[in-house]
Every structure is written in structure tokens, then in C-alpha cells.
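>>> predicted model and sequence below, questions to follow.
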Amino acid sequence: MEKYYISTAIAYTSGKPHIGNTYEIILADAIARYKRLKGYDVYFQTGTDEHGEKIELKAKEQGKTPKEFVDETAGEVKKIWDVMNISYDKFIRTTDEVHEKEVQKIFQKMYDKGDIYLGEYSGLYCTDCEAFWTESQLVDGKCPDCGREVKLKKEEAYFFKLSKYQDRLQKLLEENNGFLEPASRKNEMINNFIKPGLQDLCVSRTSFTWGIQVPFNNKHVVYVWLDALTNYITNIGYDTEQPSDIFNKYWPADLHLIGKDIVRFHSIYWPAFLWSLDLELPHKIFGHPWLLSNNDKIGKSRGNAIYADDLAEKYGVDAVRYYVLHETPFANDGNITTELLEERFNSDLANVLGNLVNRTLAMSKKYFESKVENTNVYESVDDNLITYAKILPKLVDEKMDNLRISDALEDIFELLRRSNKYIDDTCPWVLAKDESLKNRLKTVLYNLLESIRISAILLQPFMPDTTQKIFKMLNTNNTSFDTLEFGNLENNIVLNESEILFNRIENK
Ligand code: ME8
């Protein structure tokens, strides 16, 4: 069985993750579930990034030890991932002992190799992003990433020889098609960071203690990004001396799914670290766009933070999953407001999907006591529906392979839309009045139920609960990808009672 290793960024444990962070995990979950259904041996890893000065300060503000603080916030992250039905195989924490020990070994290995050396750092530092900047990188004198004040800082530090990998990195980004997507981010990396010249990277800190100690100098803790990035290997059994069988099986990762703001760390630092360890690079890094709240960056301090668990309680888990996946296409930021979510809920979930299922089941019940029969009485009006249902799995597969998740959803909904139109075109209530058209009516209903079954199979990765409900109503055992062919809905089954999938939200 072919393996597929997918990871998300590990979330900072600085607070409860908002809907933007949650979008990333839902996206990863949809891809992981899709690959599993396709028959891959999937390993899906996520978790939390728990060290650093920012966390140390936050814990202090709340009168807690850093460990107490991260235990609490990591718990909140995990809770939201679980509420959103995320099928991760492993939730890692950078405070896990396995990880901490291995990071020390990695640091040692890089040092022994001569890729890490002791020097002195003096620079402009952003505490929030834990990053040093040069004067020219600042925007209006402030941190280019978060816009906060930076301060001058001098300290003895260990450096990683990033400059040594300059040419190799440039070549990687210029040549390796598909390593970093969307492709536009490649040019950004080459022009803004690589071409101006890569400086060696400061990989230790002495100004705080909440981190992994440098093994041979306990005044220093390991820079958070070296600590965080290595989670992708330490947790599948990488070891500097003896990598495990699991590591050998799953590495290199097939996809690191991350947000657009941390592409630099993943496409420049991470390959260099891996080369330093003589490891292969991940196959692909996808810097997905962001989800905005009312077209603005989401932030607790901005007062516009929305949380997935609150939304899920009100609209249901699958509706939230559908919304964020649908609204955030491949390269453009998505937007969320309550009004937009409710509009989309009514138009797509209640009207298109819910209505189709309920109308079809209601007609089957009324005309045939819910008994399904394919009598094969076709008419030309069926072509539009059946032809599309037949090519749909391929369309979806292409979109999923190219990480066009929102487009894949659109393609599936197109079958549901065509099915609704098919009801209007075939007018089953007219057919029902004429006894001689009974067999035609049976075929019409069969075609509709079959389109629903095929849509539901393909919708599983996106809306796992809803699709299970649909399968139950259809009373079908043919729910796997290898039953996607049109005509596989069992003959002579009896449908179960229908239930309302999505209750329209009425505006008060
Ligand atoms: O960056 N929309 O953690 P983080 C979509 N610990 N995605 C968003 C988003 C938004 N509005 N806001 C944030 C970190 N994200 C590091 C990662 S990985 C080795 C270390 C994404 O909690 C963001 O781009 O700030 C990142 O991929 C993820 O959420 C976690 O962000």
C-alpha cells in the first residue's frame, strides 16, 4: 500500500486557536481522509509548538508556570481539533520528551558537522515572532510580519550556516516544480530572501529559559523554529544514530500543509536543516491562503476572533467544515462572517444538498414505499445527469491532486445541482399519475438516488457525519471509492426513514 504522510503546522500554545488556524487542520483532514479513501496508508500529524519567550511571558502574566500554561492551551487546541472531527494519527507536543531529546541530538549532530558554530548576535528583534530582522527588512520601522515594535538585542549565540546552502536552495526553488505551491510563493522566496543573500541563522537564545537546552551549553536554549520544524521527523521515529522503521517508511513527508506566513521557514530553513542531517526533503510544501474575518486579519486583540467550536455548536460541525473549505480557494484568501456563513448554509447545504435528499426520499416513499428498483427505462434527459456522474470521480481526483479543494467541492455540488434540475425536468409527480410510466418513474428515482450516493461517497472527506447519515438513509453498503461507478446502488433495497440534514436558517 502506498504511504502518504501529511502534516500541518504545529499551533502556538499562546491561546485558543481561532477559525483561521482551524481552517488549516480541516483542510489537512479533508486531504488525509480523501487519501485514505483512495486506499493510501496515511499518516497524519499535527500538534502544538510550545516553547519560546512569548509563551514564557504569557504564562508569567497569568501567574502560571510555562508548563501549566501550555498544558492548558495545548488541551484547548486538541479539544477544538476533536470537536471538528479531525482524524489525525498523532498529536505531538514540542514538550514531549521524545521530541526534546531528539532535538538535542540533532543540534549536536549539526554542531559536530560544523554546520552550527558559536558567535555573537546583534540585531533588531521581534519578541512576538521570535525573529531577528535587518534594518532593510523592517516595514515602517516595525516587524514586517506582525507590525509590532522591534528592539535592539545583543547576545552570544549559536549560528546555523544557512549561507552554505544558498546556491542549493536557489536551485531547489527554481528547479523543483511542485516543491513549493502556489508557485507565486516561490518567486517571493527567491527574490525577497535568497537573492539578497542568506545570512547565517541564529539558532539559540540566552534571554529566556523556556526551551530545549543546547546539550553542551546550558546557558542556551534552542531557537524555536529549529525546535518546531524538526517535529516533522522526531515524532515518526527519526534518530540521529538509528532512525526507526516507521521513519524509514513514512519519510520524506508527502505534504507539509502550512499557512502563507510561514512559507519562509519551511522552504528555506527546513530544507537546509534536512540537508545538514543528510535527509531527503518533503515532496511538497503548500502555503495555503488565509481565512479573514470580515475581510480583516483575525486576531484576539482585534476583537474579531471567531472560534470553530462556537460555530459548530450553532451550525453543526460539517457546515463549518464545508464553509471554510469552500470559501478559501487555492491561492486567494477566504472570508468569514456570520451572514455569509448563514447564506452559504441555506443556499448550498439546506437548498441544494438537504432538499435533494429529502425530496428524493419522500418521492420514493410516496410512490414505491421506499423500495428501490432500477428498471433501466432511460430517456435522453438522463444523459446530462448520468454522464456527469460518471466523470465526476475523475474531476474530483484531479482537483484533489492539485490541492484545489474548494474546486473539488464545487464539482461535487454540481452533480447535486444537476440532480435538482433533473427533478424539475422529469417531473416525477406527473409520471406518477400514469400507471404505464411506473417503470420510467422507478428509473428516474434510481438515477437520483444513485447521484446522491456518488456525491456522498465523494463528500465523505469534507463532511464525514452528514455523509454517514445519507448512507444510512440510502440503506446502501456500497460506500467505498471502488463502488463509485454509476449503477452500483443495490437493486431492491428499501430506503430508511429520511431525516432533515440541514434546517434552513430563517432570518429573524
Ligand atoms: O505559525 N487563516 O503557529 P500559529 C488560515 N507555531 N490559516 C491561518 C490563519 C488564518 N487566518 N492564521 C494562522 C505557527 N494560520 C508556528 C508553526 S510549524 C513547524 C510552526 C495558520 O499557531 C498559520 O499560517 O501561529 C500556521 O500555518 C497555522 O495556522 C498555525 O499558526
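Cool, the structure landed.
>>> can you pull the residues of the protein lying near the ligand?
Proximity of the chain to the ligand (C-beta under 6 Å from any ligand atom) is limited to residues 9-12, 20-21, 23-24, 49, 228-229, 258-259, 261-262, 290-291, 298. In this view, the C-beta of every residue, glycine as well, is placed from N, C-alpha and C.
>>> in ChimeraX, how would I select the buried members of the residues you listed?
In ChimeraX, a selection of the buried entries from these looks like this (16 or more other C-beta atoms under 10 Å):
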select :9,10,11,12,20,21,23,24,49,228,229,258,259,262,290,291,298
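>>> now intersect the residues of the chain next to the ligand with the strands, please.
Applying DSSP state E to these, the entries found in strands are A11, Y12, D49, I258, G259, L291.
>>> could you check the pLDDT of the third one?
As predicted, D49 sits at a pLDDT of 98.
>>> and it, how far from T73?
Relative to T73, D49 is positioned 11 Å away (C-beta to C-beta, to the nearest Å).
>>> then the second one?
Applying C-beta to C-beta, the value for Y12 to T73 is 8 Å.
>>> now do the shared contacts for the two.
T48 (C-beta atoms under 8 Å, 6 or more residues apart in numbering).
>>> low-confidence ranges, the chain, go.
176, 508 (pLDDT under 70).
>>> at 80 what do you get?
130-131, 155, 176-177, 300-301, 507-508 (pLDDT under 80).
>>> in it, what residue comes closest to the ligand?
Using C-beta to the nearest ligand atom, the closest approach of the chain to the ligand is made by G259 at 1.6 Å.
>>> need the helices for the stretch 401-508 of the chain, in chain order.
Here the stretch 401-508 of the chain has its helices, by DSSP state H, counting those that start in this stretch, at 405-426, 428-431, 438-459, 464-474.
>>> next, the buried residues of the shortest one.
For helix 428-431, burial by neighbour count (16+ other C-beta under 10 Å) applies to P428, L431.
>>> now do stretch 426-443
For stretch 426-443, by 16+ other C-beta under 10 Å, it's T426, P428, L431, A432, K438, R440, L441, K442, T443.
>>> list the contacts for the last one?
This means T443. T443 makes contact with N374, T375, N376, V377, Y378, D382 under the criterion C-beta under 8 Å, 6+ apart.
>>> ok, now with 10 Å
E373, N374, T375, N376, V377, Y378, E379, D382, T426, L431 (C-beta atoms under 10 Å, 6 or more residues apart in numbering).
>>> in a helix, the third one, correct?
No. Applying DSSP: H, G, I helix; E, B strand; the rest coil, one finds T375 to be coil, outside a helix.
>>> separation between it and W275?
64 Å.
>>> ok, the fourth one next?
According to C-beta to C-beta, N376 and W275 sit 61 Å apart.
>>> which one of those two is surrounded by more residues?
Taking neighbours as other C-beta atoms under 10 Å, N376 and W275 compare with W275 leading, 17 against 10.
>>> wait, the more buried one touches L281, no?
Yes. With contacts counted by C-beta atoms under 10 Å, W275 reaches L281, the gap being 7.8 Å.
>>> who touches both of the two?
L172.
>>> so the closest residue in space to F481 that isn't next to it in sequence versus P329, what's the distance?
Leaving aside its sequence neighbours, F481 sits nearest to L37 (C-beta to C-beta, 6 or more residues apart in numbering; 5.1 Å). In this view, L37 and P329 are 22 Å apart by C-beta to C-beta.
>>> what about I212, distance to T46?
20 Å.
>>> ditto for K164
32 Å.
>>> all strands of the stretch 51-200 of the chain, in order?
For the stretch 51-200 of the chain, the strands defined by DSSP state E, counting those that start in this stretch occupy 90-93, 116-126, 131-133, 151-160, 180-181.
>>> before we move on, the earlier item: among the ones in strands among the residues of the chain next to the ligand, which pair sits farthest apart?
D49 and L291 (19.6 Å; C-beta to C-beta).
>>> keeping just the C-alphas, turn stretch 480-498 into CSV.
What follows is stretch 480-498, C-alpha atoms only, in CSV (Å, rounded to 0.1, in the frame of the first residue of the first chain):
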residue,chain,number,x,y,z
SER,A,480,-16.3,3.0,-0.9
PHE,A,481,-14.4,4.6,-3.7
ASP,A,482,-14.3,1.4,-5.6
THR,A,483,-18.1,1.4,-5.9
LEU,A,484,-18.2,4.8,-7.5
GLU,A,485,-19.3,3.6,-10.8
PHE,A,486,-22.8,4.6,-11.8
GLY,A,487,-25.2,1.8,-11.3
ASN,A,488,-23.8,0.3,-8.1
LEU,A,489,-26.6,1.3,-5.8
GLU,A,490,-28.2,-2.1,-4.9
ASN,A,491,-31.4,-3.1,-6.6
ASN,A,492,-34.4,-4.0,-4.5
ILE,A,493,-33.2,-2.3,-1.3
VAL,A,494,-35.6,-0.4,0.9
LEU,A,495,-34.7,3.1,1.9
ASN,A,496,-34.7,4.1,5.6
GLU,A,497,-36.7,7.0,7.0
SER,A,498,-35.3,10.3,5.9
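>>> tell me which residues of it come out buried.
Quick answer for stretch 480-498 (16+ other C-beta under 10 Å): T483, L484, F486, N488, L489, I493, L495, S498.
>>> buried ones among the contacts of T443?
E373, N374, D382, T426, L431.
>>> ok, of the residues you listed, which one's closest to K151?
Among the buried ones among the contacts of T443, D382 lies closest to K151 (C-beta to C-beta), at 69.8 Å.
>>> ok, back up a step: reformat the buried residues of stretch 426-443 as CSV; add distance to L173.
Conversion of the buried residues of stretch 426-443 to CSV gives the following (distance: C-beta to C-beta, whole Å):
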residue, distance to L173
T426, 54
P428, 57
L431, 60
A432, 63
K438, 64
R440, 59
L441, 59
K442, 58
T443, 55
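>>> and of those residues, the nearest to M1?
Of all these, the one sitting nearest M1 is T443; the distance, using C-beta to C-beta, is 38.3 Å.
>>> okay, now R344: neighbour count?
Counted with other C-beta under 10 Å, R344 comes out at 18.
>>> that one: what's it in contact with?
So R344 contacts Y315, A319, Y322, Y323, H326, E327, I336, A350 (C-beta under 10 Å, 6+ apart).
>>> pretty sure the second one is touching M463, no?
Yes. Taking C-beta under 10 Å as the definition, A319 is a contact partner of M463 at 8.3 Å.
>>> common neighbours of those two, please.
Joint contacts of A319 and M463 (C-beta under 10 Å, 6+ apart) are L349, L501.
>>> any buried residues in stretch 310-317, and which?
Result for stretch 310-317 [16+ other C-beta under 10 Å]: buried residues L311, A312, Y315, G316, V317.
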